[in-house]
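Participant: Sequence and predicted structure are below.
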Amino acid sequence: MLHPSYSDLMKVVNADVEEGETPIVNSRYSIVYATAKRARQITDGAEPLIAIKDRKPLSIAVEELNSGELKILGQDDDED
């Protein structure tokens, strides 16, 4: 099993959502899509947002998300 689990990552991503609001992420697919997209960015030369010993792009992306350095924007957010 990978750590952190997708359910742990969902809790981190949705931590800033107020009670009663729609969660930013409510499926595993969203977590997988976001980390895969970030891993591709790292592979293409983007600098990691955290210092990590592991050099695997997907592991870096998961740790960025878990640490709160990487944010997933909701559908209504206009930022890139």
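Facilitator: Perfect, thanks for sending it. Residues are numbered from 1 along each chain as shown.

Participant: Geometric centre of this protein: which residue is closest?
Facilitator: The C-alpha lying nearest the average C-alpha coordinate of the chain belongs to residue 65 (Cα atoms, centre = their mean; 3.5 Å).

Participant: which non-adjacent residue is nearest it?
Facilitator: With Cβ to Cβ, 6 or more residues apart in numbering as the measure, residue 9 is the residue that lies nearest to residue 65, at 5.6 Å, once sequence neighbours are left out. Every C-beta, even on glycine, is put in place using the N, C-alpha and C of the backbone.

Participant: That neighbour: neighbour count?
Facilitator: Residue 9 is flanked by 22 other residues according to other Cβ atoms under 10 Å.

Participant: same check, this time on residue 13
Facilitator: When neighbours are counted by other Cβ under 10 Å, residue 13 comes out with 22.

Participant: Then residue 34?
Facilitator: 22.

Participant: Can you show me the strands along this structure?
Facilitator: Ranges of strands within the chain: none, based on DSSP state E.

Participant: Output the below-cut-off pLDDT ranges for it.
Facilitator: Within the chain, the stretches falling below the threshold (pLDDT under 70) are 1-2, 74-80.

Participant: which residue ranges form the helices in it?
Facilitator: Taking DSSP state H as the test, the helices found in the chain are 6-13, 28-43, 57-67.

Participant: Show the contacting residues for the residue nearest to the centre of the chain.
Facilitator: Counting by Cβ atoms under 8 Å, 6 or more residues apart in numbering, residue 65 touches 9, 12, 13, 31, 34, 35, 38, 72.

Participant: The closest residue to residue 8 other than its chain neighbours: how many residues sit nearby?
Facilitator: Leaving out its chain neighbours, the residue that sits closest to residue 8 by Cβ to Cβ, 6+ apart is residue 66, at 7.2 Å. Applying other Cβ under 10 Å, we find 18 residues neighbouring residue 66.

Participant: do the one 3 residues further on as well
Facilitator: Other residues near residue 69 number 11, with proximity taken as other Cβ under 10 Å.
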